[in-house]
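> take this sequence and fold it.
(chains A and B)
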Amino acid sequence: MSHAAGLPSFVAFVIALLVVLGAVLTLIGALGLLRLRSFYDRVHAPTLGTTLGTGLVLIASLTLFSALQSRPVLHEILIGVFMTITTPVTFMLLVRAALHRDRSAGRDPAAEGASRSQGRPPEPRPE
Amino acid sequence: MKRLLPFPLLSLALLATWLLLNQTLAAGHVLLGAVIAVGGGLALALLQPPGPMVRRPAAIAALAWLVLVDIVRSNVAVARIVINPGHRRQTSGFLDIPLELRDPAGLAVLACIITATPGTAWARYDSAQSVLTMHILDLVDEDTWIRTIKDRYERRLLEIFG
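Now for the predicted structure:
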């Protein structure tokens, strides 16, 4: 972006830091999707990207365009609001679908509440 | 006034959304946004929601702040688990929590909070017994989790939604 050249380097540094932090968190979430063991564990990982990951990138975007246009640019707030309201619905549907699948397969991992081992012995992870 | 604006807060939120989307405070857009806001309120009134009116803005602000802090904190916690799962034993699992909160709107907010916080996910809710089953990634101490949900979130939601 060529018109970002007029940005004070301090502001540019803060914005870059926010973007990189948000992107790294999202990446860690994606890694978790790969590394965690069961489906129910994996559900937690992408939440990193949808909460703080998105949040940091949005704050960076808000700061960048407010600084460039010398007036508050705020519609990123709307993205944040809609993300917060909509993503939990998706995650809940996924978990409920998984529970339904497990139950129709004859096992109910959530039957006894705190049944934590779920019949599977914890295997040592290959490093 | 009551007939034109059956849900003043919703109408206000719609107007704010419109103005944010258009990035302006020009009179024309305020007028257009106001029409949409009134229309939205009237449309919701047609659906006749059983809705409780939201109370205690201070409690809402306190809860929002608390959730924000918790989201940041659990982001760090889950990121740590993902990066370093080597010596981690199987600690995830389901947890039953009896709830006093029965208001559907309050439960919806609780579901959003729990699911938006990394490390905890809403699994199911038994409305007959009012028991919530949630999945927790780092279920080391069950009592701490139950106390967290009940004291931090449910107590405040009961204040707000009654």
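> and stretch A:62-76, end to end?
Taking CA to CA, to the nearest Å, stretch A:62-76 runs 6 Å from one end to the other.
> can you give me the strands for chain B?
All strands of chain B, identified by DSSP state E, fall at B:93-98, B:120-126, B:131-136.
> tell me the angle of the last one relative to strand B:120-126?
In this structure, strand B:131-136 runs at an angle of 160 degrees to strand B:120-126, with axes from the mean of the first three to the mean of the last three CA atoms, to 10 degrees as the basis.
> buried stuff in the longest helix that chain B contains?
The longest helix of chain B (DSSP state H) is helix B:57-83. Burial within helix B:57-83, assessed by neighbour count using 16 or more other CB atoms under 10 Å in any protein chain shown, is assigned to B:Ala59, B:Ile60, B:Leu63, B:Val67, B:Asp70, B:Ile71, B:Ser74, B:Asn75, B:Val78, B:Ala79, B:Ile81, B:Val82. The way it works is simple: take the backbone N, C-alpha and C, and place the C-beta from them, glycine included.
> show me the two of the residues you listed that sit farthest apart.
Largest separation among the buried residues of helix B:57-83 by CB to CB: B:Ala59 and B:Val82, giving 33.8 Å.
> in chain A, which spans are helices?
Using DSSP H, helices in chain A cover A:9-35, A:39-42, A:47-48, A:54-69, A:76-104.
> return the most buried member of these.
Of all the helices of chain A, helix A:47-48 carries the top mean neighbour count, a mean of 28, counting by mean count of other CB atoms under 10 Å in any protein chain shown.
> is that helix positioned near chain B?
Yes. Using CB under 8 Å from any CB of the partner chain, helix A:47-48 reaches chain B at A:Thr47, A:Leu48.
> which elements pack onto that helix?
Helices and strands touching helix A:47-48, by 3 or more CB pairs under 8 Å, 6 or more residues apart in numbering or on different chains; DSSP states H and E, are helix A:9-35, helix B:57-83.
> got the angle for the first one vs helix B:57-83?
Here helix A:9-35 runs at an angle of 60 degrees relative to helix B:57-83 (the same axes, to 10 degrees).
> any part of helix A:9-35 near chain B?
Yes. With CB under 8 Å from any CB as the criterion, chain B is reached by helix A:9-35 at A:Leu25, A:Ile28, A:Gly29, A:Leu31, A:Gly32, A:Arg35.
> what residue ranges in the chain score low on pLDDT?
Defaulting to chain A. A:1-5, A:111-127 (pLDDT under 70).
> meant chain B, my bad for not saying
In the predicted model, chain B carries pLDDT under 70 at residues B:1, B:50-54, B:85-90.
> residues near the closest residue in space to B:Leu44 that isn't next to it in sequence, how many?
Nearest residue to B:Leu44, sequence neighbours excluded (CB to CB, 6 or more residues apart in numbering or on different chains): B:Phe7, at 5.6 Å. When neighbours are defined as other CB atoms under 10 Å in any protein chain shown, B:Phe7 has 19 of them.
> does B:Phe7 touch B:Leu47 like I think?
No. Contact criterion CB atoms under 8 Å: B:Phe7 and B:Leu47 do not qualify, at 10.6 Å.
> now do the contacts for the residue nearest to B:Leu44.
By CB atoms under 8 Å, 6 or more residues apart in numbering or on different chains, B:Phe7 lies in contact with B:Gly41, B:Leu44, B:Ala45.
> go on, B:Lys2?
Counting by CB under 8 Å, 6+ apart, B:Lys2 has no contacts.
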